[in-house]
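Asker: model this:
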Amino acid sequence: MITRELSDEVKQTFQIVALIATVLVVGIHYKSDMPDGPHVATSTWNELSQEFFLGGVARVAVPLFAFATGLFYFLSDDGSITTYRNKLRQRCRTVLVPFLITGSIAMLFWTSMRLLQHKPLELTGGQYVSTWLLHPPAEQLWFLRDLMVLVVVAPLIRLLCSQPLSRNAFISAVAIAWLLNWQFTPVVMGWHVLYLETLLFFSLGCVASAHTSLLERAARMTTPTLLALSFAWLLLVVVRVSLRPDFDIWYTSQCGAIDLLLHQMSIVVGCVAVFAISSRLRFAFLQQLSGASFFVYLVHEFPLRAIVGRVAEQGVEPSLSCWIVAPVVIVGCFAAAVVLCRLCPSMFAVITGGRAPALTLPRLASKRMTPC
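Answerer: This is a model prediction of the structure:
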C-alpha cells in the first residue's frame, strides 16, 4: 500500500482540531436562544451572542471533521479493491458500530419515555426499525451516517480527483452547489442521503492528500498572517449576523443570497484559521485528551441533552442556559470518558471504535481524527 505521510506537527495539529471541533459541536447543540426575526434591532444581546458564537464561529466544526476524514482516508488509499475492502471493514468497526450503539441507546430511551408517559409510539414496526437504523433521535448521528456513505462512494471520489480536469470540474461543481446551499441528494427518513457540506470537504481532503505541503505551510503560518485571517473570519461572521441574525440553512432556506455567501465564506476562512490556531495549541495534555473527543461527540446529545435540560430548567433561565449547561456538559463528558476508559477499557473501545484518551490508556490511543 502506498502511504503518504504527514509530519508529526500536522498530525498533532489535527488532534487539537478534533478537540476544538467537538467542543464547538456541543455548543451548537446546546444553543438555547436565537433571534426571532431578521433585524438586529429586535434581537437581544444574548440572542446575538449565541448566534455569533454558535450560529457562526462554531459552524466550522463539521467541515473540519469532514476534511480530516477525507484526508486521512485517502492518505493511505492506493485505489486497490483490497484496500477499499479493508477500509470499508475498518469503518464498519469505527463508525457504523458506534452509530448503531448510540442510536440503539437513544431509541431505547425515547421508547421508554413514551411508554412511561403513556404516549403512543405512533410508529409501525417497519417505521420503528427504519427510524432506529436511519434516523435515531440522537441528531449528531447524521454525520456518522454521512461518513459511511462517503466511504462507500470513496472510489468514485478518488477517480474524479485523480486527474486535474475532472478534479477541477468536480470540486467546482460541488463547491458552487454548496455556496448556493443546493442540497441535491434525496431525503431518506428526514436526512439527506449525503449532506453537501460533508461531500465537499471530504473531497477537499482527498485533494489535500496529494498536496500535503499546503497543510505543512498552514501549520507554520506566521502570527501576523494568522491574526489577519482570524480577524477576517470573525468580521465575516459579524457582518452576516448583522445582516441576518435569524439565519438558518439546516433543512430550511431562512437566508438571503448575500448572507448565505458571507456564511459560507466565513466557514472557509474559519477552517484555515482554526487549523493554524490548533498548531499553536499542541500541548501534550490536549493531544492525549483528544482521544476522548469521539466519545463526547457520541454521548452529548439525546438522551443526555433531554436529561440535562430538565435539570437546568429548575434553576437556570432557559434562554441563558447554554452559557452554563454547555461548559458543564463538555467538562462532564470528557471526565466521564477518562473514568470509563480506565474502568471499562474494552467496553469503551467497542463504543468508540477503538478511540481513547491516551492519558489513561496509551495502548488504545488513536491518531485518527475524530470522528472518522
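
Asker: next one: phi and psi at P120?
Answerer: Dihedral pair for P120: phi -70, psi 150, per degrees, to the nearest 10.

Asker: distance-wise, check it relative to R114.
Answerer: Note on P120: its distance to R114, by Cβ to Cβ, to the nearest Å, is 7 Å. Quick note: C-beta positions are derived from backbone N, CA and C, even for glycine.

Asker: what does C271 give?
Answerer: C271 is 40 Å from R114, by Cβ to Cβ.

Asker: so between the two, which is more surrounded?
Answerer: Using other Cβ atoms under 10 Å, the more surrounded residue of C271 and R114 is C271, with 23 against 14.

Asker: let me see the contact set for that one.
Answerer: Applying Cβ atoms under 8 Å, 6 or more residues apart in numbering to C271 gives the contacts 60, 63-64, 67, 201.

Asker: so which of these are in helices?
Answerer: The helices, defined by DSSP state H, take in 63-64, 67, 201 from the contacts of C271.

Asker: any chance of those in TSV, plus pLDDT and distance to Q140?
Answerer: Shown next, in TSV, are these (pLDDT from 0 to 100; distance: Cβ to Cβ, whole Å):
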residue	pLDDT	distance to Q140
P63	98	15
L64	98	15
F67	98	18
F201	98	17
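
Asker: against the centre of this protein, work out the most remote residue.
Answerer: Relative to the C-alpha centroid of the chain, counting by Cα atoms, centre = their mean, H118 is the outermost residue, at 35.2 Å.

Asker: does it belong to a helix, a strand or coil?
Answerer: coil (DSSP: H, G, I helix; E, B strand; the rest coil).

Asker: distance of A349 from R342?
Answerer: From A349 to R342 the distance is 12 Å (Cβ to Cβ).

Asker: those two: who's more crowded?
Answerer: A349 (17 against 14).

Asker: per-residue confidence at that one?
Answerer: Here, the pLDDT recorded for A349 equals 91.

Asker: same question, R282
Answerer: 96.

Asker: now do A358
Answerer: 71.

Asker: go on, F52?
Answerer: 98.

Asker: whatever helix or strand it lives in: which residues count as buried?
Answerer: Assigned by DSSP states H and E, F52 falls within helix 45-54. Of the residues in helix 45-54, 46-48, 50-54 count as buried by neighbour count, 16 or more other Cβ atoms under 10 Å.

Asker: phi, psi of the closest residue to C333 other than its chain neighbours?
Answerer: Sequence neighbours aside, V296 is the residue nearest to C333 in space, at 4.2 Å (criterion: Cβ to Cβ, 6 or more residues apart in numbering). Dihedral angles of V296 (phi, psi; degrees, to the nearest 10) stand at phi -60, psi -40.

Asker: just give me the neighbour total for V296.
Answerer: Neighbour tally, V296, other Cβ under 10 Å: 25.

Asker: cool, and V268?
Answerer: 18.

Asker: tell me the secondary structure for it?
Answerer: Criterion first, three-state DSSP; result for V268: helix.

Asker: ok, it to Y30 distance?
Answerer: Taken as Cβ to Cβ, the span from V268 to Y30 is 25 Å.
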